[in-house]
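Sharing a sequence plus its predicted fold:
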2 protein chains.
Amino acid sequence: MSLEKRFTEHFNKIKGYEEAIALLFWDLRTGAPKKGVELRSETIGTLSAEVFSLSTSDEFGELLTSLEADQLKNPIIRRSVEEARKDYDLSKKIPPEEYKKFVILKSKAESVWETAKENSDFSLFLPYLEDLVSTTKKMVGYWGEKNGSTYNTLLDQYEPGMTTEILDEVFGKLRERIVPLVRKIAASPNKPETAFLYEHFSKQAQQDFSREMLEQLGYDFEAGRLDETVHPFMISINRQDIRVTTKYDESDFRTAVFGTIHEGGHAMYEQNLGDDLAGLPIETGASMGIHESQSLFCENFIGRNEHFWQKNFDLLKDYAPDQFASVELVDYVRAINESKPSLIRIEADELSYALHVMVRYELEKGLFNGDLKVSDLPQLWNDKYEEYLGVRPSNDAEGVLQDVHWAGASFGYFPSYALGYMYAAQFKNAMLKELPNYDELLAERNITPIREWLTNNIHQYGAFKKPMDILKDVTGEGLNPDYLADYLEEKYTKIYQLNE
Amino acid sequence: MSLEKRFTEHFNKIKGYEEAIALLFWDLRTGAPKKGVELRSETIGTLSAEVFSLSTSDEFGELLTSLEADQLKNPIIRRSVEEARKDYDLSKKIPPEEYKKFVILKSKAESVWETAKENSDFSLFLPYLEDLVSTTKKMVGYWGEKNGSTYNTLLDQYEPGMTTEILDEVFGKLRERIVPLVRKIAASPNKPETAFLYEHFSKQAQQDFSREMLEQLGYDFEAGRLDETVHPFMISINRQDIRVTTKYDESDFRTAVFGTIHEGGHAMYEQNLGDDLAGLPIETGASMGIHESQSLFCENFIGRNEHFWQKNFDLLKDYAPDQFASVELVDYVRAINESKPSLIRIEADELSYALHVMVRYELEKGLFNGDLKVSDLPQLWNDKYEEYLGVRPSNDAEGVLQDVHWAGASFGYFPSYALGYMYAAQFKNAMLKELPNYDELLAERNITPIREWLTNNIHQYGAFKKPMDILKDVTGEGLNPDYLADYLEEKYTKIYQLNE
């Protein structure tokens, strides 16, 4: 068997295991009976251990070495080998015993974090977080530093090529423009009326409307499905089975509608990956940030665009006639674009979201590159929220303990969320050059040209291209936060009539 | 690690794979998007191959040999080793190349059978069926004959200990009593009125009522769920996750209601297996026939019992008030117990079902123990239907091609269905000695004592006891077809007022 054939067969096998694991997980989150959960978790563990052992076998390591020594003509295979090598080294460079200890530590830390959050008591979580930070630093020692610092090594795992040098600059610029805008909005007397958003909207009607939204986006229901869950997610079961989940809140339909559109954006990315990537390790999104750019593009640049609702608001009225009977389109659009600084990241609006991320970014950078102590986190967290958002947490549960990421040692992940916003705005700007009638397309509910543009420029490449290369190829420049800042300024000036 | 520990760990791992495979299959049958099916099938193939290789490894063979040489004190482990040996030999004695060819033959034969059935053309299927029969005979050569004949070897795989000697006797006796009853019913002027059965009954209401039925049986919804499918089945995902599927026909509610009760019977067996069997190969039903006895017990001895409907008929009326408004309980019970000889086994009623099985049994016996040729099957099939049931198929689709079993080389499986009826009737008779108020319990919808009796006498043992031992322990005698015959005579004499 040729080296390439052995390589693709190896990944076919891994993809089989991954499909099983993904379905076991999806089922667990969408309706598996509760008594079966414990055994289910063991089963996921058994299969994950198999994948780990397949991915780190000496035999596979030798295959990679042989492939690297070979003159690989197919660029897709070459890039796949590069990606496989990165993953292989990430796992293989850690001594197995330490890897196992780390997995156990993370699992324990997550359950301690839950308790700590419930009791709003950071001190319970403190020793675990200290252990997680020091163990992660040790892991970086095994991996070898990338791009000159410990924290850059971590950033690179979620956003290949991303560094604190880039982030410091773009976050700085962005903050300079967002913070004054947040202040102006807070001071504006022209607040949207939002009471009607919270009226009763039946779950069944929300579900039907959410399906309509996915259909409009061009989500392929023959290669996916929509289900209910507690914490919504998109999951790729196999390349022709990309599932969306959502949550229904009968006193706030926005949770389901915008949540579904958001996950639908992730799903369309996966549904539109190129066929030439089939079965390979690069058959996935380019990075966390690029993935998030696609969900945010759908959620905000489509879903929260006033033109999109020109016809869809009437459709919405069909599903909840009483609720919106006396509401004008313009007031509806203002309401769904309300901006209000808050303490909780996952509840944040489009404008203030990036500020939540910056707080986390600066703290992580201090922990890994500076001399910030874990015990300093709660105080610093609260101070930064006050500085950037003008609100101060009154306890740890709504402050430093709100997110699970650190308990899973996902240090370096948070910046991807804000990058997603910036990428999306920058893509939108590039798209406008080819689709200057963008708003008209939305008004006509003709999303096809938009989706095709995204597929041609982004989706089809999967992880064949790196995020920075995609950005460069699509927009002709590097990361530039001005597009997001311009968009937010223009939008919120109008929504809050800041010039009047 | 001790031998026993290695043995249980081996099966824990296999159970993990089996959980994944079961869920992949369940999902495929309950709503997986159609474009993902092809990849899904490959994934099931990949994981099944892993299970096969785990189950037939030389290492596991050596472990079995060591365990057999050991003085195993724990009878559950001893019996598990015996069962594991049986499965191991079944797979291992076949040369791998021939095993693979057989798997491919079966897979091809199933798709050819589909086409043949669609075209009602046995000649398309003929060469495949010939190959399946001769290959199966060759397999028996590898396995070694059991209980003195080729066909007995096959019977033993589904119903340990079952032989043609036993079946010839019990089927003969049963036929002698059923055939005259079928004739009398056909001649009876007292046919039940059934038109009201076919009125529109909404799917949602059927689903709610089906759930009620499962609740009444004592099915544990915290360790299972009910879903919709095309060909209903029960499936064990893990020991705390036993799922039921059903089908809704809006112009015949019986499909869902009795189908759900039937699968619920299978599910309760699996839900009530003893905890001491956890993770072992004997954590499953004792045989196909015993499993079927439990589903049939629920479907017929509970679900079609007139007393069960005493209160439940009013409940049914709540779900479809118009349909049953002018129907009396007695007429409802007569209608759901209608008996009419038909051509299709899966549509057969309680009375004539066993006759459908006998036709297949005699043909299979002739193919494997006698000199019956595959090409003779269609003619013989039709003749036997005319003889036993008084109806004659007009083509192969409604005759010899109706069932998929032979395409999958499941020779020896059919008798288990009829055995299930006989076991169930015999169990019922034994139960009556301890629960003489059986009918009253049903009338009060107090199924608990009945379920507990089944659990104590049957469910808890799983495959620890062999089917004939269960029968002996529970009823004090061997297989006796008179209990079923007595029950049918009594029941149908009343329904069709044959004495009047």
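Structure's in. What do you need?

Only the C-alpha atoms, please, for the helix or strand hosting A:Val359, written as PDB.
Secondary structure from DSSP states H and E places A:Val359 in helix A:353-368. The C-alpha atoms that make up helix A:353-368 are tabulated as PDB, following Å, rounded to 0.1, in the frame of the first residue of the first chain:
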ATOM      1  CA  TYR A 353     -19.000  41.200  23.500                       C
ATOM      2  CA  ALA A 354     -15.400  41.900  22.500                       C
ATOM      3  CA  LEU A 355     -14.900  43.800  25.800                       C
ATOM      4  CA  HIS A 356     -15.800  40.600  27.800                       C
ATOM      5  CA  VAL A 357     -13.100  38.800  25.800                       C
ATOM      6  CA  MET A 358     -10.500  41.400  26.300                       C
ATOM      7  CA  VAL A 359     -10.800  41.100  30.100                       C
ATOM      8  CA  ARG A 360     -10.100  37.300  29.800                       C
ATOM      9  CA  TYR A 361      -7.300  37.800  27.300                       C
ATOM     10  CA  GLU A 362      -5.400  40.200  29.500                       C
ATOM     11  CA  LEU A 363      -5.700  38.000  32.500                       C
ATOM     12  CA  GLU A 364      -4.600  34.900  30.600                       C
ATOM     13  CA  LYS A 365      -1.700  36.800  29.200                       C
ATOM     14  CA  GLY A 366      -0.700  37.900  32.700                       C
ATOM     15  CA  LEU A 367      -0.900  34.400  34.000                       C
ATOM     16  CA  PHE A 368       1.300  32.900  31.300                       C
END
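
per-residue confidence averaged over that helix?
If you average the pLDDT over helix A:353-368, you get 98.

Skip ahead from that helix and say which helix or strand is next.
The first helix or strand that comes after helix A:353-368 along the chain, using DSSP H and E, is helix A:377-389.

For that next one, give me every contacting residue.
Helix A:377-389 has contacts (C-beta atoms under 8 Å, 6 or more residues apart in numbering or on different chains) with A:122, A:129, A:175, A:179, A:182, A:341-343, A:352, A:355-356, A:358-359, A:362-363, A:366, A:372, A:391-393, A:396, A:399-400. Quick note: C-beta positions are derived from backbone N, CA and C, even for glycine.

quick revisit: tell me the angle the helix holding A:Val359 makes with helix A:377-389.
With axes from the mean of the first three to the mean of the last three C-alpha atoms, to 10 degrees as the basis, helix A:353-368 and helix A:377-389 are set at 150 degrees to each other.

Helix A:353-368 packs against which elements?
helix A:122-143, helix A:150-158, helix A:164-187, helix A:377-389, helix A:414-434 (3 or more C-beta pairs under 8 Å, 6 or more residues apart in numbering or on different chains; DSSP states H and E).

low-scoring pLDDT stretches of chain A, where are they?
By pLDDT under 70, chain A has no low-scoring segment.

mind giving me the domain ranges of it?
A:3-92, A:150-500 (automatic domain parsing).

Quick one: neighbours of the closest residue in space to A:Asn300 that isn't next to it in sequence, just the number.
In this structure, A:Asn300 finds its nearest non-sequential neighbour in A:Glu350, 5.4 Å apart by C-beta to C-beta, 6 or more residues apart in numbering or on different chains. When neighbours are defined as other C-beta atoms under 10 Å in any protein chain shown, A:Glu350 has 19 of them.

cool, A:Asn337 as well?
Using other C-beta under 10 Å, A:Asn337 has 20 other residues around it.

A:Pro232 now?
When neighbours are defined as other C-beta under 10 Å, A:Pro232 has 18 of them.

what does A:Leu47 give?
Count around A:Leu47 with other C-beta under 10 Å applied: 22.

For the closest residue in space to it that isn't next to it in sequence, identify the helix or strand it belongs to.
Computed as C-beta to C-beta, 6+ apart, the closest residue to A:Leu47 that is not its neighbour in sequence is A:Ile21, at 5.2 Å. Taking DSSP H and E as the definition, one finds A:Ile21 inside helix A:3-30.

Could you export the next helix or strand after that helix as PDB, CA atoms only?
Moving toward the C-terminus from helix A:3-30, the next helix or strand (DSSP H and E) is helix A:37-55. Taking Å, rounded to 0.1, in the frame of the first residue of the first chain, the C-alpha atoms of helix A:37-55 are listed here in PDB:
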ATOM      1  CA  VAL A  37     -25.600   8.600  31.400                       C
ATOM      2  CA  GLU A  38     -23.000   7.000  33.600                       C
ATOM      3  CA  LEU A  39     -22.400   4.000  31.300                       C
ATOM      4  CA  ARG A  40     -22.500   6.300  28.300                       C
ATOM      5  CA  SER A  41     -19.700   8.500  29.700                       C
ATOM      6  CA  GLU A  42     -17.600   5.300  30.200                       C
ATOM      7  CA  THR A  43     -18.300   4.300  26.600                       C
ATOM      8  CA  ILE A  44     -17.200   7.800  25.300                       C
ATOM      9  CA  GLY A  45     -14.100   7.300  27.400                       C
ATOM     10  CA  THR A  46     -13.400   3.900  25.900                       C
ATOM     11  CA  LEU A  47     -13.700   5.100  22.300                       C
ATOM     12  CA  SER A  48     -11.800   8.300  23.000                       C
ATOM     13  CA  ALA A  49      -8.900   6.300  24.400                       C
ATOM     14  CA  GLU A  50      -8.900   4.200  21.200                       C
ATOM     15  CA  VAL A  51      -8.700   7.300  19.100                       C
ATOM     16  CA  PHE A  52      -5.900   8.600  21.200                       C
ATOM     17  CA  SER A  53      -4.000   5.400  20.900                       C
ATOM     18  CA  LEU A  54      -4.500   5.300  17.100                       C
ATOM     19  CA  SER A  55      -3.400   9.000  16.900                       C
END
